[in-house]
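Below are the sequence and a predicted model; questions follow.
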Amino acid sequence: MRFTLSLGLILGLAVASPALAANGDQWPLKSMSWSFDGPLGTYNRADLQHGFQVYKEVCSACHSLNRIAFHNLSEPGGPSFTDVQMKAIAAAYQIDAGPNDKGETVDDKGNPLKRSGTPADHFPAPFANEEAARTANGGALPPDLSLIVKARVGGPDYVYSILTGFHEKTPAGFKVTPNKYFNPYFIGWNISMPPPLTDGQVTFVDGAPNKIADEAYAVVTFLAWASEPHLEDRHRIGVGVMIFLIVLSGLLYLSYRQVWKDTPH
Amino acid sequence: MSGPSTYVPQTGFTRWLDSRLPILRFSHDTMMTFPTPRNLNFWYAFGAILTFCLAVQIVTGIVLAMHYVPNANMAFDSVENIMRDVNYGWLLRYVHANGASMFFLAVYIHMFRGLYYGSYKAPREVLWILGVIIYLLMVMTAFMGYVLPWGQMSFWAATVITNLFSSLDQLVPHLGTTIATWLWGDFAVGDATLNRFFSLHYLLPFVIAGVVGLHIWALHVPGNNNPLGIDVKGPQDTVPFHPYYTAKDAFYVGLFAILFAYLVFFAPDFVGNPDNYIPANPLVTPADIVPEWYLLPFYAMLRSIPQKLIGVLVLGGAIVTLAFIPWLDTSRVRSNRFRPLMKQFFWLFVLDCLLLGYCGDLSVDAVRFGIPMVWVARLGTAYYYAFFWVIMPVVGLIETPKPLPDSIAKSVLGNPAAAPAE
């Protein structure tokens, strides 16, 4: 889509959207300003930590975050929890520990063997497998969130629009499918996910505002980091590389002019 | 053209080596003293830029292959592992993925430059055809590389493109299906397909490097064409490749690298498709299956033809046509600078390619300004073919070219007597 737009501009063609939006057509996404936008963007630390709390207390009930390990939470460029905080977060999770050295996967009572999480562990998934996830969610599969911001057209704006897009008035003539919810930012408008956030649902430890918009903004920042954990490295190195290349090209230009000085061409 | 060698070995060792393997003499003659027209402009820097691109792709690709796992169950995870846990893996992958786009950007400019200045005309037909072969190899390599991350778009692009062969069933029953099954190594795109694509994706760049060697060899026999399209008449028309063009090309490679780096560091997913961050799922078809931007014009041609086999032939013919250009152009004049009529058709052709690319990015049933875009794509396809098969032969016969300058030196200096002794 971004490419359609840019190519359209090159050709001087307006990419006109149909004049009349039909029921089910995705609404234009809310265009937000993000701390990680632009060549110098970095993730806002407070948003990352708040966003982690929203993921942990709300999203993780249904959505996995398979590609993120606990140690990532204290790495530079991320939420920057201290090592002590990160280890405490990890230890609060129960990780499958079977089989033990006797080959057992369950304890005396028949419960699966578990142990506390360590920094090397990844976030445990809420469901054992896809079938269990679908059964618990009316047939729909809550997607893994590790790459969600990069895997959707519109990126962070899309995820933010979805999270804050419930509670819109259903347009006349549109009937919401049973067991689905109306969300005009979702293609087709029928989304299986119930409205996940409410005002004041997550109480941030530092008492930061916690309206739906605040919670959504924070968790989208956290998920953007989860999708692109090396963004800050990339931006920092990129600035250095650009300066280097511009200086280098300047010197190359001077040597080019010097070589050709007395040679008409 | 290059004339007798002027290389003189300076030390005992180089004299000894020169009489056994004259590799230093060869390098000296081809990369240092090689006489090059003095009037080559910016558009001639893309040969050096493309060499740079090929080197970048091979170097980053070799390191990526150390971490990548060509297995349908692990490929996507291994790419994410490169992005997250391999030291500077994100940098390698973004350079490699955007490097493909930069490579095609450069090759398209290089090809349009060759078209504009008539660089395909005698005595450079073989040089041009080798270029078409390199382009074809690049397309194959890029396509197979796009499949390797095994995301949704990888998987479905592989499915759509390999299924094109099954259209041959309309000619000989089962022929196409048999070929498709043979390509897949299975009865659908799967693990076997991914493995062979990885193997070939690693092999073909070295084949490209080999054909590039032939391409440069074929360049060094007649020597460079130039913006005037007239032959070099003598030493007053040329400068030695080094330092003149090494210095000039290096500057333009620097500028190209700035654009390249901007994409890698500040917009690494700009040319990518978000769907490719979703792991491949044979049971879920994406709403729109689109190739990378550099193949969109051909994709538009394919989709604009309702009959599948004809569509495939039109797609293939569009590339094969390029190999016939040296004989389709009937003009005696090479450069469009002196071809007032052809110049207009040329720029129309450039716009046509951009328009086809735009159509290829839209869904098949898209309507813009009340016009069904599939018809725009059909017109665009018709112009693409007409440009080569009708306009080129006819315009060459009816057009009155502007008078050509006597020589490069005269054109550059106005007064040949003023030419400094080289």
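That came in fine, so what should we check first?

what's the nearest residue to the residue in chain B positioned nearest to chain A if we skip its chain neighbours?
Of the residues in chain B, the one nearest chain A is B:Phe265, at a distance of 2.6 Å by Cβ to the nearest Cβ. C-beta here means a position set from N, CA and C on the backbone, and glycine is covered the same way. Spatially, and ignoring its direct neighbours in sequence, B:Phe265 is nearest to A:Gly238 (2.6 Å; Cβ to Cβ, 6 or more residues apart in numbering or on different chains).

was I right about the one you found contacting B:Pro268?
No. Using Cβ atoms under 8 Å, A:Gly238 makes no contact with B:Pro268, being 9.5 Å away.

for B:Val63, what are its contacts?
B:Leu92 (Cβ atoms under 8 Å, 6 or more residues apart in numbering or on different chains).

secondary structure class for the residue nearest to B:Phe265?
Recorded secondary structure, A:Gly238: helix (DSSP: H, G, I helix; E, B strand; the rest coil).

what's it in contact with, if anything?
A:Pro39, B:Ala261, B:Tyr262, B:Val264, B:Phe265, B:Phe266.

hmm, which two among the residues you listed are most spread apart?
A:Pro39 and B:Val264 (11.8 Å; Cβ to Cβ).

Which strands and helices lie in contact with the strand or helix carrying B:Leu200?
Assessed by DSSP states H and E, B:Leu200 sits inside helix B:191-220. Judged by 3 or more Cβ pairs under 8 Å, 6 or more residues apart in numbering or on different chains; DSSP states H and E, the packing partners of helix B:191-220 are helix B:46-67, helix B:125-147, helix B:152-163, helix B:175-184.

Can you name every helix or strand that the last one contacts?
Contact here means 3+ Cβ pairs under 8 Å, 6+ apart; on that basis helix B:175-184 packs against helix B:152-163, helix B:191-220.

Could you find the closest non-adjacent residue to B:Gly145?
B:His201 (5.1 Å).

For the one you found, give its distance to B:Val212.
From B:His201 over to B:Val212 the distance is 17 Å, taken as Cβ to Cβ, to the nearest Å.

near chain A, which residues of the stretch 51-200 of chain B show up?
Contact residues (Cβ under 8 Å from any Cβ of the partner chain) of the stretch 51-200 of chain B with chain A: B:Glu80, B:Met83, B:Arg84, B:Trp90, B:Leu91, B:Tyr94.

at 7 Å what do you get?
B:Glu80, B:Arg84, B:Trp90 (Cβ under 7 Å from any Cβ of the partner chain).

can you give me phi and psi for B:Asp190?
If you look again at residue B:190, you'll see it is Gly, not Asp. Torsion angles at B:Gly190 (phi, psi; degrees, to the nearest 10) stand at phi -160, psi -160.

Could you report the neighbour count for it?
16 (other Cβ atoms under 10 Å in any protein chain shown).

what about the helices in the stretch 251-400 of chain B?
In the stretch 251-400 of chain B, helices defined by DSSP state H, counting those that start in this stretch lie at B:296-304, B:308-320, B:325-328, B:340-361, B:373-386, B:392-398, listed in chain order.

Just say which of those helices is most tucked in.
helix B:296-304 (a mean of 24; mean count of other Cβ atoms under 10 Å in any protein chain shown).

Does it reach chain A?
No. Figure legend: helix B:296-304 not in contact with chain A (Cβ under 7 Å from any Cβ); closest approach 8.4 Å.

which helices and strands sit right next to that helix?
On a contact count with 3 or more Cβ pairs under 7 Å, 6 or more residues apart in numbering or on different chains; DSSP states H and E, helix B:296-304 meets helix B:308-320, helix B:340-361, helix B:373-386.

Just the CA atoms of the longest one, as CSV, please.
Output for helix B:340-361, consisting of C-alpha atoms alone and laid out as CSV, is shown next (Å, rounded to 0.1, in the frame of the first residue of the first chain):
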residue,chain,number,x,y,z
PRO,B,340,14.0,13.3,-32.4
LEU,B,341,11.2,10.9,-33.1
MET,B,342,12.5,7.8,-31.4
LYS,B,343,13.4,9.9,-28.3
GLN,B,344,9.7,10.6,-27.7
PHE,B,345,8.8,7.0,-28.1
PHE,B,346,11.6,6.1,-25.7
TRP,B,347,10.3,8.3,-22.9
LEU,B,348,6.8,7.0,-23.6
PHE,B,349,8.2,3.6,-23.1
VAL,B,350,9.8,4.5,-19.7
LEU,B,351,6.4,5.9,-18.6
ASP,B,352,4.7,2.7,-19.9
CYS,B,353,7.0,0.6,-17.7
LEU,B,354,6.1,2.7,-14.7
LEU,B,355,2.4,2.6,-15.5
LEU,B,356,2.6,-1.2,-15.8
GLY,B,357,4.3,-1.4,-12.5
TYR,B,358,1.6,0.7,-10.9
CYS,B,359,-1.1,-1.6,-12.4
GLY,B,360,0.7,-4.6,-11.2
ASP,B,361,0.5,-3.4,-7.6
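
all helices in the stretch 151-265 of chain A, in order from the N-terminus.
A:155-163, A:212-227, A:231-260.

And those helices: which comes nearest B:Leu21?
Using Cβ to Cβ, the helices of the stretch 151-265 of chain A put helix A:231-260 closest to B:Leu21, at 30.8 Å.

May I see the buried residues of the closest one?
The neighbour-count check on helix A:231-260 (16 or more other Cβ atoms under 10 Å in any protein chain shown) flags A:231-232, A:234-235, A:237-238, A:241-242, A:245, A:248-249, A:252-253, A:255-256, A:259-260 as buried.

got it, and stretch B:52-68?
B:Phe52, B:Cys53, B:Leu54, B:Val56, B:Gln57, B:Ile58, B:Thr60, B:Gly61, B:Val63, B:Leu64, B:Tyr68.

Can you tell me the element the residue lying closest to A:Leu231 once chain neighbours are set aside falls in?
Excluding the flanking residues, the one nearest A:Leu231 by Cβ to Cβ, 6+ apart is A:Phe36, at 5.8 Å. Applying DSSP H and E as the criterion places A:Phe36 outside every helix and strand.

related to what we said a few turns ago, most tightly packed of the helices and strands packed on helix B:175-184?
helix B:152-163 (a mean of 22).

and that helix, average pLDDT?
In this model, helix B:152-163 carries a mean pLDDT of 95.

so how far is it off the chain centroid?
22 Å (Cα atoms, centre = their mean, to the nearest Å).

do the same with stretch A:219-227
4 Å.

Can you give me the buried ones in that stretch?
In stretch A:219-227, counting by 16+ other Cβ under 10 Å, buried: A:Val219, A:Val220, A:Thr221, A:Phe222, A:Leu223, A:Ala224, A:Trp225, A:Ala226, A:Ser227.

Contacts for it, please.
Among residues not part of stretch A:219-227, those counted as contacts by Cβ atoms under 7 Å, 6 or more residues apart in numbering or on different chains are A:34-36, A:43-44, A:47-48, A:51-52, A:54-55, A:59, A:65, A:68, A:78, A:145-150, A:156, A:159-160.
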